[in-house]
Each structure stands twice: as C-alpha cells, then as structure tokens.
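# I would like to see how this sequence folds:
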Amino acid sequence: MHNPENKIKVAILGVGNCASSLVQGVEYYTKNNEQKSGLMTDDIGGYRAKNIVFVCGFEIDERKIGQPLKAAILAKPNCTIILNDDVTTEAPIYRSPVLDGVSPLMEAYPEANRFVIKEELRNTDLLKDTVSYDKELVATLRSEIVSRLKEHQVEVLINYLPVGSQLATEFYAEICIELGISLVNCIPVFIASDPVWEQKFIDAGIPIIGDDMRSQFGASIVSQMLQELAFERGHHVKAHIQRNVGGNTDFLNMEDKNRLKSKKISKENVIRAQNDIRGISTENSFLHAGPSEYIPYYGDNKVANFRLELEGFMGAPVIFDAQLSVQDSPNSAGVVIDAIRYVYVARELGLVGALRGPSASTQKTPPQQMMFSDAILECHALANRELTASTRKQLKK
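Residues are numbered from 1 along each chain as shown. This is a model prediction of the structure:
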C-alpha cells in the first residue's frame with residue numbers, strides 16, 4: 001500500500017474520554033513537532049503523530065452526533081482533563097446503532113454522568129427492549145456507516161466502545177473486514193486474540209491490533225513488571241492483587257457486573273501470562289485484578305492499589321503494597337497513537353492478521369503474550385520496517 005499524502009486516515013468509534021485525550025494529543029504533538037516527552041515512540045516506520053488525521057467518528061449520544069470532533073470531545077459525559085484547549089479538527093460525528101453498547105444500569109444516574117441515547121436510536125438498543133428492536137433501522141444505519149467510511153477513505157478504526165459491547169464490536173469488525181479497514185480494538189471483546197476472528201482479518205488481507213488497550217504507565221503494565229521482577233529475582237508469588245477505582249463512564253459502565261466478565265479476564269491475563277510464559281503453575285497463587293468501585297468525585301482520575309505477597313530466600317516473606325494515581329484517558333492516548341502507526345506500517349508491509357509484538361506491547365489480551373523485552377524488540381523491528389521470525393509468517397500470501 002502506498003500513501004502519497006503521508007496521512008493515516010482514522011475513524012473513532014465512541015467519542016468518550018479516551019477519544020478526547022487521543023485527539024488532544026495528536027494535535028498537541030503535531031503543533032509541538034519537536035516535543036517527544038510523553039510519547040513512547042516518536043517515529044514508527046516514518047510516521048509521527050502529525051501524520052494521523054481523524055476523518056470521522058460514530059456515536060449514540062445526542063450531545064455528540066452532528067457535532068464536529070473538536071466539540072464532541074468536550075461534551076458530557078466526558079470528564080477528562082483538558083491538556084490541549086486548541087483542538088481544531090472538524091471531523092463529523094455520525095450516528096450509530098446502540099446494540100449492546102449501553103448498560104441499562106446507566107439510566108439510574110444523572111445525565112451529566114452517563115450516556116444519553118439519541119431518541120431516533122432508542123429502538124436499536126438490544127438490551128433495553130428486544131421486542132421493539134428495529135432490525136430495519138439497524139440495517140439502514142449499517143449502510144450509512146459503510147458509506148461514511150468509504151466517503152472518508154478510512155484506513156484504521158479505533159474501537160472505544162464501552163466494556164461489554166460484544167455485539168456492537170462484532171458489528172463494526174464485520175464492516176472493517178468488508179471494507180479492508182484495520183481495527184485497533186481497545187476494549188476487552190476478544191477479536192484479535194480469537195483465532196476465528198483473526199482468520200477473518202487474514203482472509204481479508206488486513207492487519208489488526210487488540211485486545212483491550214493497556215495504559216502507558218497504568219495498573220496493567222505495573223502489574224506485569226512486578227510479576228516479571230518477582231520471577232526474575234527468584235520469588236514465588238503467593239498473591240498478586242490489583243484493585244482499581246475511578247469516576248468516569250468506564251467505571252460507571254462496569255458497575256453492571258454482567259458486563260465485567262471479559263474485563264476481569266483481560267486484566268488478570270496480564271498477570272497470569274507471566275506465569276504461563278515461564279511454565280510456572282498458578283495453582284498455589286491467588287491472582288486478582290479488576291475494577292472495584294465507581295466514585296463520581298474522582299472523574300477521570302483512576303487509583304490503583306497493588307498488594308503482592310511473595311516468598312523469597314528459604315521462604316522468607318516479602319510484602320509489597322503500593323498505590324498508583326493517574327489521569328486515566330491521557331494515560332492511554334500515547335499508546336493508541338503508537339498502535340495506529342504500527343498497524344498502518346504493517347498494512348504498507350503487507351502483513352495480515354493480529355500483530356503479535358505491537359498487540360503484546362499495547363494491549364492486555366494479545367493473541368500471544370510476551371515478556372516486556374520481547375514485545376519491545378518486535379515493536380522496534382516494525383518501527384524500523386524490519387521483518388522478524390514472527391512477522392515473516394504474517395506476510396500476505
């Protein structure tokens with residue numbers, strides 16, 4: 001694939017807090033072209049943040065549909081901090097079917113804290129009323145979405161849907177496959193890590209990254225590094241407990257425990273994977289990770305608590321207790337800026353399917369878990385447009 005404009009055309013699915021920080025960040029690093037602090041990787045295959053252009057977005061919230069992206073990222077219920085107040089993108093926000101994208105639990109909360117479904121889309125909500133669910137409208141919306149994606153020549157779609165949006169994610173994954181669009185799946189609906197879904201992307205001849213974005217310096221990467229450190233220093237991990245609280249719509253959505261199963265699996269995968277890679281049984285270890293409480297006062301601030309109970313030399317006990325406080329959405333944005341560029345360079349190189357290294361580096365549940373150092377080596381190779389044993393297997397046949 002050749003890119004004469006040197007631009008990566010990106011669409012955003014779900015214009016929430018994470019999207020707000022991502023858009024702010026791309027424009028910030030575009031205007032401050034020499035500023036590298038805060039980004040994990042400045043140059044990936046010749047592409048920098050300035051080469052990313054947002055061309056459209058899709059939403060169900062009446063306060064965002066019909067707005068330009070620069071306005072939609074400021075609309076409620078978004079509550080992330082504004083680090084760049086000079087966003088200029090006029091990319092349009094279009095309507096989308098609800099499907100299973102909104103937890104019914106949200107209806108009990110103030111409008112400023114939750115999603116407000118646009119009236120004309122209410123009959124596309126499968127979780128609210130399956131009797132009046134309007135299949136014809138959903139089919140019409142699908143045609144609209146396909147037309148918009150073609151019109152804007154979208155090459156990469158970012159999935160920022162709420163946790164638990166299984167059917168909605170599959171709806172858009174099928175569209176990506178149909179149109180040859182690469183998916184960066186930032187939520188714990190398992191697409192890139194599911195062999196059946198990955199094969200569909202392989203057959204379509206396109207690369208993807210997923211599943212469930214891990215933040216730049218967040219709870220998951222800290223847990224991984226602590227687990228790695230314990231093993232490398234010869235310790236047995238008796239217990240590894242990670243608890244998270246926050247006040248954004250992500251935490252509100254996860255108050256619905258029916259939507260939480262995949263998230264808990266994904267977060268615990270990060271810890272358990274380090275046992276699996278080394279062939280260390282988890283039978284005598286207690287591993288727990290997941291959101292524990294929604295506190296509106298916190299807004300987009302996420303607080304993670306860690307407790308590790310280890311056995312060291314001759315079984316001597318080691319206790320590690322720590323707390324991490326971050327602004328949740330800015331903490332994720334730099335990772336996604338990298339993921340967009342990795343998947344695009346992979347498109348240009350003719351790679352297909354789920355990218356192992358970039359997925360292991362940027363996501364909680366990749367198709368192949370790796371040690372941190374191995375994932376970084378794969379990422380650096382792709383950033384330099386060099387093939388590895390892993391990526392050679394993914395060259396388009």
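# and the longest helix for this structure?
For the chain, the helix with the greatest residue count under DSSP state H is helix 328-349.
# Could you give the average pLDDT over that one?
For helix 328-349, mean pLDDT is 98.
# Just checking: what are the partner strands of whichever helix or strand comes after that helix?
Next in sequence after helix 328-349, counting helices and strands by DSSP states H and E, comes strand 353-354. Sheet partners assigned to strand 353-354 using DSSP bridges are listed as strand 207-208 (parallel).
# what's around the closest residue in space to Leu260 that isn't next to it in sequence, how many residues?
Computed as C-beta to C-beta, 6 or more residues apart in numbering, the closest residue to Leu260 that is not its neighbour in sequence is Met254, at 5.3 Å. For glycine as for every other residue, the C-beta is placed from the backbone atoms N, C-alpha and C. Counted with other C-beta atoms under 10 Å, the neighbours of Met254 add up to 24.
# Same check on Phe217?
12.
# Can you read off the pLDDT for it?
So, for Phe217, pLDDT stands at 97.
# what does Met225 give?
pLDDT at Met225 comes out at 97.
# Considering only helices and strands, which part of this protein has the lowest mean pLDDT?
In the chain, no helix or strand scores lower on mean pLDDT, DSSP states H and E than strand 286-294, which sits at a mean of 89.
# Check which helices and strands that one sits against.
helix 219-232, strand 236-246, helix 249-253, helix 261-278 (3 or more C-beta pairs under 8 Å, 6 or more residues apart in numbering; DSSP states H and E).
# which residues are in contact with that strand?
Contacts with strand 286-294, where a contact means C-beta atoms under 8 Å, 6 or more residues apart in numbering, come from 219-220, 223, 238-247, 251-252, 254-255, 260, 263-264, 267-268, 270-272.
# which residues of the chain fall in strands?
8-13, 52-59, 93-95, 156-159, 182-185, 207-208, 236-246, 286-294, 301-311, 317-327, 353-354 (DSSP state E).
# got a list of what the nearest residue to Leu324 once chain neighbours are set aside touches?
Closest residue in space to Leu324, ignoring its immediate chain neighbours: Ala304 at 4.5 Å, by C-beta to C-beta, 6+ apart. Counting by C-beta under 8 Å, 6+ apart, Ala304 makes contact with Gly218, Ala219, Val222, Gln242, Arg243, Asn244, Gln323, Leu324, Ser325, Val326.
# Relative to the whole chain's centre, how far out is the least confident helix or strand of the chain?
Chain-centre distance of strand 286-294: 19 Å, with C-alpha atoms, centre = their mean, to the nearest Å.
# in the stretch 201-350 of the chain, what spans have low per-residue confidence?
Along the stretch 201-350 of the chain, the model assigns pLDDT under 70 to no residue.
# of the contacts of Ala304, buried ones?
Among the contacts of Ala304, those scoring as buried are Gly218, Ala219, Val222, Gln242, Arg243, Asn244, Leu324, Val326 (criterion: 16 or more other C-beta atoms under 10 Å).
# and the fourth one, what is it in contact with?
Under the criterion of C-beta under 8 Å, 6+ apart, the contact list for Gln242 reads Ala219, Ser223, Lys267, Ile271, His288, Ala289, Gly290, Ala304, Asn305, Phe306.
# try 6 Å this time
Under the criterion of C-beta atoms under 6 Å, 6 or more residues apart in numbering, the contact list for Gln242 reads Ala219, Ser223, Ala289, Phe306.
# What of the first one?
Taking C-beta under 6 Å, 6+ apart, we find Gly218 in contact with Asn331.
# Distance-wise, check the closest residue in space to Glu119 that isn't next to it in sequence relative to Met314.
Using C-beta to C-beta, 6+ apart and skipping the chain neighbours, the partner closest in space to Glu119 is Glu62 (7.1 Å). Plainly put, Glu62 is 64 Å away from Met314 if you go by C-beta to C-beta, to the nearest Å.
# so where is the stretch 1-150 of the chain shaky, pLDDT-wise?
Using pLDDT under 70, the stretch 1-150 of the chain drops low at 1-4.
# and with 50 instead?
Along the stretch 1-150 of the chain, no part satisfies pLDDT under 50.
# which stretches of it form helices?
17-31, 69-72, 135-151 (DSSP state H, counting those that start in this stretch).
# To Val189, which of these lies closest?
Closest approach to Val189 among these (C-beta to C-beta): helix 17-31, 15.2 Å.
# buried set for the closest one?
17-29.
# With stretch 179-186 instead?
Leu179, Ile181, Ser182, Leu183, Val184, Asn185, Cys186.
# Return the set of residues that bridge with the third one.
Taking DSSP bridges, one finds Val156 as the beta-bridge partners of Ser182.
# didn't it look like it was pressed against Val343?
Yes - using C-beta atoms under 6 Å, Ser182 is in contact with Val343, at 4.6 Å.
# List the contacts of the residue nearest in space to the middle of the chain.
Central residue of the chain (C-alpha atoms, centre = their mean): Cys186, 1.7 Å from the mean position. By C-beta under 6 Å, 6+ apart, the contact set of Cys186 is Asn159, Tyr160, Met213.
# Touching, the first one and Val189? I think so.
Put plainly, it is Asn159. No - contact between Asn159 and Val189 fails when scored by C-beta under 6 Å: they sit 8.0 Å apart.
# neighbour count winner among the two?
Val189 (28 against 23).
# Quick one: neighbours of Ile82, just the number.
Neighbours of Ile82 using other C-beta under 10 Å come to 13.
# Identify the contacts common to Asn159 and Val189.
In contact with both Asn159 and Val189: Thr169, using C-beta under 6 Å, 6+ apart.
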